[in-house]
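**Student:** need a structure here:
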Amino acid sequence: MAIRVTEAKKGMVIRYEGELYQVARYDHVTPGNWRAIHHLNLRHLKTGRQKDVRMNTSDQIEPVFLEARSCQYVYKDSVGHVFMDNENYEQFHLSEEILGETMQYMHEGSSIDVLFVEGSALTVQLPPTVVLEVVEAEDVARGDTVSNVQDARKLSTGLEAKAPAHIKVGDRVKINTETGEFLGRA
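**Tutor:** So this is what the prediction gives:
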């Protein structure tokens, strides 16, 4: 069942030209008085290669219906990242190319939904927000915290996010997984 391209969302898995792709980025652009253009940045689910596609509003895409299973991220090895199914304790690998930057939001032991199609694991589905610990932050002088200036903070997974000056090492913060922005203390 095809849907209109206007219904595309980041993270959605679609079948395009007979292959499975995940929508990495979706932009709706209306240049001046021209017709609307939809830019899709697609990531191939087996190879990890990216492809940019331009579509008209009337174009249709075919979403793929996936089974989401609750899994746990166990560790990283030379093959890729190892996950364990919480129901049957079966372990499986997902490669670095497939997961890409999503690993910046996960640490060992985190629970995550893994998407399966036809019995094989494809990719992970991140929650809207994650809680991470600050491991590096510049010290600020008293009085510098009055303004809403944000500085880079390094988090427990290696992700760098801008946060207010009052956020210190050891604080747990909420991060938006779509934008990578700081949302507040946890």
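**Student:** can you pull the domain assignment for this protein?
**Tutor:** The chain breaks down by automatic domain parsing into domains covering 3-63, 67-125, 129-185.
**Student:** can I get these in CSV including mean neighbour count and mean pLDDT?
**Tutor:** Glycine gets a C-beta too; all of them are placed from N, C-alpha and C. CSV is the format used below for the domains of the chain (neighbours: other Cβ atoms under 10 Å; pLDDT from 0 to 100):
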stretch, mean neighbour count, mean pLDDT
domain 3-63, 14, 85
domain 67-125, 15, 86
domain 129-185, 14, 80
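**Student:** what residues are up against the residue nearest in space to the middle of the chain?
**Tutor:** Centroid-nearest residue in the chain: residue 102, 4.4 Å away (criterion: Cα atoms, centre = their mean). Taking Cβ atoms under 8 Å, 6 or more residues apart in numbering, we find residue 102 in contact with 123, 124, 126, 177.
**Student:** which non-adjacent residue is nearest the last one?
**Tutor:** The one in question is residue 177. Spatial nearest neighbour of residue 177, chain neighbours left out: residue 126 (4.3 Å); criterion: Cβ to Cβ, 6 or more residues apart in numbering.
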